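K.L.:
Have a look; sequence and predicted model below, questions after that.
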Amino acid sequence: MAQVKMALAKALNESLRKALDTDPKVLIMGEDVGKLGGVFRVTDGLQKDFGEDRVIDTPLAESGIVGTAIGLALRGYRPVVEIQFDGFVFPAYDQIVTQLAKMHARALGKVKLPVVIRIPYGGGIGAVEHHSESPEALFAHVAGLKVISPSNASDAYWMMQQAIQSDDPVIFFEPKRRYWDKAEVDAEAIPGPLHSARTVRSGTDLTLVAYGPMVKVCLEAAAAAEEEGRSVEVIDLRSMSPIDFDAVQASVERTGRLVVVHEAPVFYGSGAEIAARITERCFYHLEAPVLRVGGYHAPYPPARLEDEYLPGLDRVLDAVDRSLAY
C-alpha cells in the first residue's frame, strides 16, 4: 500500500491487517470483532482472512476479555483487545488498573505486557447512554499505562503499528466521530516517536492544544481566527500519557498564550495537568492565564442535547478571544 487517501476506520483496519500478517503472535479479540467486523467495521474481513484463532469473537464480558489478554501476553502473544464502546470499559477497569498496569513493576521489569486496548470514544454520533464518553483521564492517571489517541487516518495507521510493537500496555482511544474522515496515508513513511506531539498549524499569537476528535475543531477555530487577523498555532498532542510537554512549552514560549481543548469534562481533565505544568514551566512567558475548553462536569446527556454539551467552534473561539483580551 503506497500513499492512499482513506478514512480513519479503514486506516486502522489496514494497520491491524499488516500487524496480523507480519507477526503471528498478534491476536485480535473482542465482542463482534470477527464475523461482524466490529460495530464500526474496523476489523471487517480480518477473521475471514486470518481465521478464528487470530481474530476471536468473545463473550460480552470485558473483564474476561482483558484478563484473557493479560494471560496471552504473559505467554508471548501481542493481543489487541477491542472494547466496543467507551462506556463499556469499566467492568474491565479492575483488570487494567490492578493487573495490566502493575505487572511489569511487580515483576521488577522481568515481565512485559504488550497489550493494546482499543476504545472507540467521544460523542458526536447521536448515541445512547454509555456510548459517548471520554474517560481518558481515568487511564492517564494510572502509572504503567500509555494512553494515546489519533486525530487523523495517517496517525491512526502508524500509531496502531507502534502501539502493537510496544512492550508496554497501550490504551488506544479512537475518536469515533472521526472514523469517516479521510486523509492521505503513506504506509512507507517513517513515523515519528509514538508519544511526540505535532504542530499541525503554525501561528504566533496563541497556542491551541488538543488531541483526538478536537484537533479538527481547533483547526477550524484557527482558520476562523485568521480571518480576524489572529495567528493561532495548533498542536495535536497525540498522547495523553506521557505528554510531550516540551513541544507545548516551546510553542507557548513563542506565543505567550495557551488554550487547551478536549471533549472530556474540564474538571480534573487532562487539560488541568497541561495547564499546571505549562504554568510552572512558562510563568514568565505567559501573557494570559492558561484557559481550558471541554465538556461539562455532568453525565453525558441524551443525544438531542449533545451539541450543547460538546465543545464546538464557538466555545473554542470564545476562549481564544478571552485569552487575547488580557
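P.N.:
Happy to help now that I have it. Residues are numbered from 1 along each chain as shown.

K.L.:
so how far is the stretch of helix or strand residue 252 belongs to off the chain centroid?
P.N.:
Here residue 252, judged by DSSP states H and E, is contained in helix 245-255. Centre-to-centre, helix 245-255 and its host chain are 21 Å apart (C-alpha atoms, centre = their mean, to the nearest Å).

K.L.:
tell me which strands and helices the very next helix or strand once past it is in contact with?
P.N.:
Per DSSP H and E, the first helix or strand lying C-terminal to helix 245-255 is strand 258-265. Contacting strand 258-265 under the criterion 3 or more C-beta pairs under 8 Å, 6 or more residues apart in numbering; DSSP states H and E are the following elements: helix 136-140, strand 206-210, helix 214-226, helix 245-255, helix 270-282, strand 291-295, helix 313-325. All C-beta spots, glycine's among them, are computed from the backbone N, C-alpha and C.

K.L.:
Can you list the buried residues in the last one?
P.N.:
Residues of helix 313-325 classed as buried: 316, 317, 319, 320, 323, 324 (neighbour count, 16 or more other C-beta atoms under 10 Å).

K.L.:
now swap in the third one and tell me
P.N.:
The neighbour-count check on helix 214-226 (16+ other C-beta under 10 Å) flags 214, 215, 216, 217, 218, 219, 221, 222, 224, 225 as buried.

K.L.:
which residues sit against it?
P.N.:
For helix 214-226, contacts defined as C-beta atoms under 8 Å, 6 or more residues apart in numbering pick out 151-152, 178, 181, 200-201, 203, 206, 208, 210, 231-234, 236, 261-263, 311-313, 316-317, 320.

K.L.:
do the fifth one as well
P.N.:
Contact with helix 270-282 is made by 136-137, 140, 209, 240, 243, 245, 248-249, 252-253, 258, 260-262, 264, 266, 286, 290, 292-294, as judged by C-beta under 8 Å, 6+ apart.

K.L.:
what's the answer for the second one, then?
P.N.:
Counting by C-beta under 8 Å, 6+ apart, strand 206-210 makes contact with 151, 197, 217-218, 221-222, 225, 230-237, 248, 251-252, 255-262, 274, 316, 320, 323-324, all of which sit outside it.

K.L.:
now it: mean pLDDT?
P.N.:
Throughout strand 206-210, pLDDT has a mean value of 98.

K.L.:
and what of the fifth one?
P.N.:
pLDDT averaged over helix 270-282 equals 98, rounded to a whole number.

K.L.:
Just give me how far that helix sits from the chain centre.
P.N.:
19 Å.

K.L.:
send the alpha carbons of that helix over as CSV?
P.N.:
Below are the C-alpha coordinates for helix 270-282, written out as CSV (Å, rounded to 0.1, in the frame of the first residue of the first chain):
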residue,chain,number,x,y,z
SER,A,270,-6.0,16.2,31.1
GLY,A,271,-6.2,20.0,30.4
ALA,A,272,-5.7,20.6,34.1
GLU,A,273,-2.4,18.8,34.1
ILE,A,274,-1.2,20.6,31.0
ALA,A,275,-2.3,24.0,32.4
ALA,A,276,-0.4,23.3,35.7
ARG,A,277,2.8,22.1,34.0
ILE,A,278,2.9,24.9,31.5
THR,A,279,2.2,27.5,34.1
GLU,A,280,5.2,26.1,36.1
ARG,A,281,7.4,26.0,33.1
CYS,A,282,6.4,29.1,31.3
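
K.L.:
please renumber so the chain begins at 57
P.N.:
OK, 57 is where the count begins now, so the last one is helix 326-338.

K.L.:
list the buried ones in it?
P.N.:
Buried-residue list, helix 326-338, by 16+ other C-beta under 10 Å: 326, 327, 328, 329, 330, 331, 334, 337, 338.

K.L.:
Specify the angle between it and strand 314-321 in degrees.
P.N.:
Using axes from the mean of the first three to the mean of the last three C-alpha atoms, to 10 degrees, the inter-axis angle of helix 326-338 relative to strand 314-321 is 160 degrees.

K.L.:
try the third one
P.N.:
What separates the directions of helix 270-282 and strand 314-321 is an angle of 140 degrees, with the same axes, to 10 degrees.

K.L.:
tell me the contacts of residue 87?
P.N.:
Residues in contact with residue 87 (C-beta under 8 Å, 6+ apart) are 113, 114, 115, 116, 121, 138, 140.

K.L.:
Could you pick out the buried ones from the residues you listed?
P.N.:
By 16+ other C-beta under 10 Å, those give 114, 121, 138, 140 as buried.

K.L.:
In strands, which of those residues fall?
P.N.:
residue 138 (DSSP state E).

K.L.:
Turn the buried ones among the contacts of residue 87 into JSON lines, including pLDDT.
P.N.:
Listed next are those as JSON lines, based on pLDDT from 0 to 100:
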{"residue": "114", "pLDDT": "97"}
{"residue": "121", "pLDDT": "98"}
{"residue": "138", "pLDDT": "98"}
{"residue": "140", "pLDDT": "97"}
